[in-house]
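Asker: Pasted the sequence and its predicted model underneath.
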Amino acid sequence: MPRILITGCSSGFGQAIARLFLDQGWDVIATMRSPSGEGLPESGRLQLLPLNVTDPESIAAAIGAAGQIDALVNNAGVGMLNVLEGADIARARELFETNVLGAMAMTRAVMPAMRERRSGIIVNVSSSVTLRPLPALSIYSASKAALNAFTESFALEAAEFGIRARLVLPGSAPSTSFGRNAVARMGMDVPEAYRPFVQAYFQSLQSSTEKTGAHDVAQAVWRAVTDETAPMKLPAGADAKTWFSDAGLATA
């Protein structure tokens, strides 16, 4: 059976991706900083591994324990919901460490074996905010834009060895722990002068009927992994498809 390693499986998108691939008969290596298995089904095809994508020793240990990896999904990520004036630059560096350098490090770690086999697929979970600028997300958007640029350039290198790289761009997901935590932190972190504008804007987003569910992301990742004709960027969620269409990108 093919084997997929997914980062950031403690909740949300990562768990949904793991469940879908298990349902489709894949062997799944679900990684997170502190594995508990909570939220994931019991299965003989599921392997739980500790992994911190910002720690080289943790990456090496996980790759060594995982065995053959046919597909890698770089899903682990952190958010920052704040205007630039209120942002902690130390936290911004931590965000780039996870969202960009962590994905790069994981990709670098799986490449030698994939290159030797001349096969493999790497999917990076980015964000549709790279298509539609939103307030209080400038630093987060910058990290995901960097991930996009890395993936598109890296794909040209990897293609020489029969390896594909693709991007999945979810829309807004306030129902996930990622989205809930970001909104909860907003009132504490955003400077007072900006709060009325930012709060009004994000309340309008939350009231929208076009939202992204974890299952939408899992389905987009499934297509990215299994469909060799899939485009470089795939939308996940109704709002993401709207933003793709507005940007002149294919939604199917």
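Answerer: Nice, thanks for sending it over.
Asker: mind listing the strands for the stretch 151-252 of the chain?
Answerer: 163-170, 233-236 (DSSP state E, counting those that start in this stretch).
Asker: between those strands, which gets nearest to Leu72?
Answerer: strand 163-170 (9.5 Å; Cβ to Cβ). From N, CA and C alone the C-beta is placed, and that goes for glycine too.
Asker: which helices and strands sit right next to the closest one?
Answerer: Judged by 3 or more Cβ pairs under 8 Å, 6 or more residues apart in numbering; DSSP states H and E, strand 163-170 is in contact with helix 103-117, strand 120-125, helix 138-159, helix 214-226, strand 233-236, helix 238-246.
Asker: ok, of those, where does mean pLDDT dip lowest?
Answerer: When those are ranked by mean pLDDT, helix 238-246 comes last with a mean of 91.
Asker: List the buried residues in that one.
Answerer: 238-244 (16 or more other Cβ atoms under 10 Å).
Asker: Packing partners of that helix?
Answerer: strand 163-170, strand 233-236.
Asker: can you rerun that using 10 Å?
Answerer: Helix 238-246 sits against strand 163-170, helix 214-226, strand 233-236, with contacts defined as 3 or more Cβ pairs under 10 Å, 6 or more residues apart in numbering; DSSP states H and E.
Asker: Can you say which of the strands of the stretch 151-252 of the chain is packed in most?
Answerer: strand 233-236 (a mean of 26; mean count of other Cβ atoms under 10 Å).
Asker: if we can go back for a sec, any chance of the helices and strands packed on helix 238-246 in TSV, with distance to Ala200 too?
Answerer: As requested, these are exported to TSV (distance: least, Cβ to Cβ, whole Å):
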stretch	distance to Ala200
strand 163-170	23
helix 214-226	26
strand 233-236	26
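Asker: Distance to Ala65 for the strands of the stretch 151-252 of the chain - can I get that in TSV?
Answerer: Shown next, in TSV, are those (distance: least, Cβ to Cβ, whole Å):
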stretch	distance to Ala65
strand 163-170	22
strand 233-236	29
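Asker: Which one, of the ones you listed, ends up nearest to Gly86?
Answerer: The closest of the strands of the stretch 151-252 of the chain to Gly86 is strand 163-170. By Cβ to Cβ, the value is 24.5 Å.
Asker: on that earlier part again, out of the strands of the stretch 151-252 of the chain, nearest to Met1?
Answerer: Across these, closest to Met1 is strand 163-170 (Cβ to Cβ), at 19.3 Å.
Asker: Just checking: what are the partner strands of the closest one?
Answerer: strand 120-125 (parallel), strand 233-236 (parallel) (DSSP bridges).
Asker: Centre of the chain to the longest one, how far?
Answerer: Translated: strand 120-125. Computed by Cα atoms, centre = their mean, to the nearest Å, the separation of strand 120-125 from the middle of its chain amounts to 10 Å.
Asker: Please convert the helices and strands packed on strand 163-170 to JSON lines, extending it with distance to Gly14.
Answerer: Listed next are the helices and strands packed on strand 163-170 as JSON lines, based on distance: least, Cβ to Cβ, whole Å:
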{"stretch": "helix 103-117", "distance to Gly14": "13"}
{"stretch": "strand 120-125", "distance to Gly14": "9"}
{"stretch": "helix 138-159", "distance to Gly14": "16"}
{"stretch": "helix 214-226", "distance to Gly14": "9"}
{"stretch": "strand 233-236", "distance to Gly14": "13"}
{"stretch": "helix 238-246", "distance to Gly14": "18"}
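Asker: can you tell which of the ones you listed is closest to Val73?
Answerer: Among those, the nearest to Val73 by Cβ to Cβ is strand 120-125 (4.8 Å).
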